[in-house]
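Chemist: here's my sequence, what's the structure:
(chains A and B)
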Amino acid sequence: MTFLIGSGAGFSGDRTDAAIPVVAELIRRGQPSALVFETLGERTLAAAHRVMRDDPDAGYEPLLGELLSPVLRDCLDHGIAILGNFGAANPAGACDVVARLAEQAGYPAARVGRVHGDDIRARLDGLDLSPWEAETRALPRDQALISANVYLGASPMVQALELGAEVVVTGRVADPALFLAPLMHHFGWAWNDWDRLAAGMMAGHLGECGAQVCGGYFADPGVKAVPGLATLGYPIIEVEADGRLVVTKPPGTGGCVTEQTVKEQLLYEVHDPANYLTPDVVVDLSHVSVRLLGTDRVEISGIRGKPAPERLKTTVCYEGGWQGEAEISYAGPNALARAHLAADVLRERLAFRAPPELRKRLDIVGHASVFDDDDGEMQRRLPAAADGDYRLRLAVEHAERAWVERAAQELLALYCAGPAGGGGVRRQFQRRVCTASYLVKRTDVEAFATLLEESHHAPLAS
Amino acid sequence: MHHSPVDHPVDSQVVPLHRLAHARAGDKGDRLNLALFAYEPHHYETLLAQVTEERVLALFAHRGASRVRRYPMPRLGGMNLVIDDVLQGGVNGALNLDGHGKTLSFLLLGMEVAVGINDSEVS
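Modeler: Predicted coordinates for the structure are as follows:
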């Protein structure tokens, strides 16, 4: 029987009302189903660890309540399992929140499962680590460690579902494994059935970014039309026991599911399509094709799998000093020249007002910014209109906050000491996180699940 | 606007890639992938012939790109381009407003390509 997996969020900061029409459709169809919230980016976790240092009760997804409240009762009523990496740095804290929300929804005995084993901070020095293939940095021993988390596969989440969990809370897991887990639980696929594991992982890959497969992050007016971006429907992936996949979305929602939207998401963040690495299977997309079956229904076929890798990816986060940004606008006649003059003045000031190791970059938004390099090569090369609406942006980085603030203050001083007509200064400062990607032996990782307020601690072979 | 010019025969026209293809960028560390797909099946060959590893490397050279690998995906009418060291430190290290490099799919779509002068399927 077809299993349905809906997406309720594709990143931390996603729309918090997205899950409502997805759950309504899962209930209407009455087939076995699950709902996934993917809210943990590469550095969201480091930010969560920092928050938790100051407040031990924080460190999980800040929007957890807003995401879950609208749909939790409906999911519990209808046996729709919820899985989310919204535990971030504090899965235990997130479990408590989920339990409280369930109680408010009339389910004081809801079974909340927790995945353990991704956080390897305390064991880092004793582990056999090798650099991830594109990693060129050595582990920065001289900086304070913030976090070290392994991308876990689906097995501890399957264990949680086997324990009867109605909501599964995780920290770091491979995003698509959130989708694979309920499929493994439902269909009972073998852990070496590589083609089916690959199909399940790709169900996750297609669904994990929420609206990105349904017309989100796709519209290009006059070229690629997407109706109803304000009411985008988030995806529902239909999975068959043999691994066939169809991507669709709830009726009556905005967006669209077409061969084009599916193709863009299929290769999103993929490197070698014949070797897409996940903790549970190496996916081979070389033979994949997509086919429109009907309105907002696209079938994906030809997914193949190869044995799982021996090592699992680990993201290590360190303190990375401070970043500061400051901006000022110039508009109207001769605005470009005034913005460039302001940039020149800043360069000159910072040369004697800041230490040489201060890293800096100057963009002129409206002329060249996001495409440019740090030295402004495009800014010098490309023509731009003399009159217009330009915004000078200074970005700086230093180990000490004081130097970052000093540099940003130099931009503020352009108000009175810079070119004519500058306005709208904004400044902001933030701690930076330095990340490095390493690989650990899967046999060194001990991942398992427990139910809240129970003590089931049977380690799983990962 | 800033792409390397293409040699093209007299019975062809030069258009930005944006007219015949769509793309999405994704990042991991300091590595970027650009998934590029032709709107029309016959333009897949155009992409293969003209969106080469060399031209893509040249397009991103100013940002320090060190290597481009191209993975043709004929069944999807497109290709995956993987560009190393192009994100100026990536999401956690770049001073760029867009540390993920999410906007860079449209730098690629600005690349010039030559198509037939009577190619009516160029949008």
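
Chemist: what separation is there between A:Ala413 and B:Leu48?
Modeler: A:Ala413 sits 54 Å away from B:Leu48, going by C-beta to C-beta, to the nearest Å. From N, CA and C alone the C-beta is placed, and that goes for glycine too.

Chemist: count of neighbours near A:Leu411?
Modeler: 29 (other C-beta atoms under 10 Å in any protein chain shown).

Chemist: list the contacts of A:Leu197.
Modeler: A:180, A:189, A:191, A:280-281, A:305, A:308 (C-beta atoms under 8 Å, 6 or more residues apart in numbering or on different chains).

Chemist: at 6 Å what do you get?
Modeler: Neighbour list for A:Leu197: A:280-281, A:305 [criterion: C-beta atoms under 6 Å, 6 or more residues apart in numbering or on different chains].

Chemist: for A:Lys263, same thing?
Modeler: Taking C-beta under 6 Å, 6+ apart, one finds A:290, B:37, B:76 in contact with A:Lys263.

Chemist: state the distance from it to A:Arg406.
Modeler: Counting by C-beta to C-beta - A:Lys263 and A:Arg406 are separated by 48 Å.

Chemist: follow-up on the earlier one: just send the contacts of A:Lys263 back as a markdown table, with pLDDT too.
Modeler: Listed next are the contacts of A:Lys263 as a markdown table, based on pLDDT from 0 to 100:
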| residue | pLDDT |
| --- | --- |
| A:Val290 | 98 |
| B:Phe37 | 98 |
| B:Leu76 | 98 |
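
Chemist: packing partners of the strand or helix carrying A:Phe448?
Modeler: Here A:Phe448 sits within strand A:448-451, counting by DSSP states H and E. For strand A:448-451, the packing partners by 3 or more C-beta pairs under 6 Å, 6 or more residues apart in numbering or on different chains; DSSP states H and E come out as strand A:112-116, helix A:155-162.

Chemist: what lines up beside the first one in the sheet?
Modeler: Strand A:112-116 has its sheet partners listed here by DSSP bridges as strand A:167-169 (parallel), strand A:448-451 (antiparallel).

Chemist: could you identify the helix or strand that succeeds it?
Modeler: As assigned by DSSP H and E, the chain's next helix or strand after strand A:112-116 is strand A:129-131.

Chemist: who touches that following strand?
Modeler: A:438-439.

Chemist: report the buried residues of it.
Modeler: For strand A:129-131, the neighbour count (16 or more other C-beta atoms under 10 Å in any protein chain shown) marks A:Leu129 as buried.

Chemist: do stretch A:306-318 as well
Modeler: So, applying 16+ other C-beta under 10 Å, buried residues of stretch A:306-318: A:306, A:308-309, A:311-318.

Chemist: ok, those vs chain B, which is closest?
Modeler: Of all these, chain B sits closest to A:Cys317, with 8.1 Å by C-beta to the nearest C-beta.

Chemist: mind checking the SS state of B:His8?
Modeler: coil (DSSP: H, G, I helix; E, B strand; the rest coil).

Chemist: verify the contact between it and B:Gly116 for me.
Modeler: No - between B:His8 and B:Gly116 there is no contact under C-beta atoms under 6 Å: 10.0 Å.

Chemist: so which of the contacts of A:Leu197 comes closest to chain B?
Modeler: A:Gly305 (17.4 Å).

Chemist: and that closest one, what does it touch?
Modeler: Contacts of A:Gly305 (C-beta under 6 Å, 6+ apart): A:194-195, A:197-198, A:281, A:283.

Chemist: again, only using 7 Å
Modeler: A:194-195, A:197-198, A:281-284 (C-beta atoms under 7 Å, 6 or more residues apart in numbering or on different chains).

Chemist: taking those one by one, which sit in strands?
Modeler: A:282-284 (DSSP state E).

Chemist: ok, back up a step: mind putting the helices and strands packed on strand A:448-451 in TSV, mean neighbour count and mean pLDDT included?
Modeler: Below are the helices and strands packed on strand A:448-451 laid out as TSV (neighbours: other C-beta atoms under 10 Å in any protein chain shown; pLDDT from 0 to 100):
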stretch	mean neighbour count	mean pLDDT
strand A:112-116	25	98
helix A:155-162	24	98
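
Chemist: residues from chain B in reach of chain A?
Modeler: B:1-2, B:22, B:24, B:26, B:28-31, B:33, B:35, B:37, B:62-64, B:71, B:73, B:75-76, B:78, B:80, B:82, B:84, B:88, B:91-92, B:95-98, B:103, B:107, B:123 (C-beta under 7 Å from any C-beta of the partner chain).

Chemist: may I see the PyMOL selection of the buried members of those residues?
Modeler: The following PyMOL line selects those of those that are buried, judged by 16+ other C-beta under 10 Å:
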select buried, chain B and resi 22+24+26+28+29+30+31+33+35+37+62+63+71+73+75+76+78+80+82+84+88+91+92+95+96+97+98+107
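
Chemist: quick one: A:Pro182 and chain B, what's the gap?
Modeler: For A:Pro182, the distance to chain B (C-beta to the nearest C-beta, to the nearest Å) stands at 25 Å.

Chemist: contacting residues around the strand or helix carrying that residue?
Modeler: Secondary-structure element containing A:Pro182, defined by DSSP H and E: helix A:177-187. With contact meaning C-beta under 7 Å, 6+ apart, helix A:177-187 is reached by A:3, A:5, A:32, A:34, A:36, A:38, A:81, A:83, A:85, A:152-154, A:157-158, A:161-162, A:197, A:200-201, A:203-204, A:207-208, A:237, A:239, A:241, A:278-280.

Chemist: buried ones among those residues?
Modeler: Buried, going by 16+ other C-beta under 10 Å: A:3, A:5, A:32, A:34, A:36, A:38, A:81, A:83, A:85, A:152-154, A:157-158, A:161, A:197, A:200-201, A:203-204, A:207-208, A:237, A:239, A:278-280, out of the contacts of helix A:177-187.

Chemist: hmm, A:Asp119 is touching A:Asn149, no?
Modeler: Yes - with contacts counted by C-beta atoms under 7 Å, A:Asp119 reaches A:Asn149, the gap being 5.7 Å.

Chemist: and the closest residue to B:Leu81 other than its chain neighbours, how far from A:Leu267?
Modeler: Leaving aside its sequence neighbours, B:Leu81 sits nearest to B:Leu34 (C-beta to C-beta, 6 or more residues apart in numbering or on different chains; 4.4 Å). Remark: distance between B:Leu34 and A:Leu267 (C-beta to C-beta) = 9 Å.

Chemist: how about A:Arg297?
Modeler: 20 Å.

Chemist: the more surrounded of the two?
Modeler: Using other C-beta under 10 Å, the more surrounded residue of A:Arg297 and A:Leu267 is A:Leu267, with 28 against 15.
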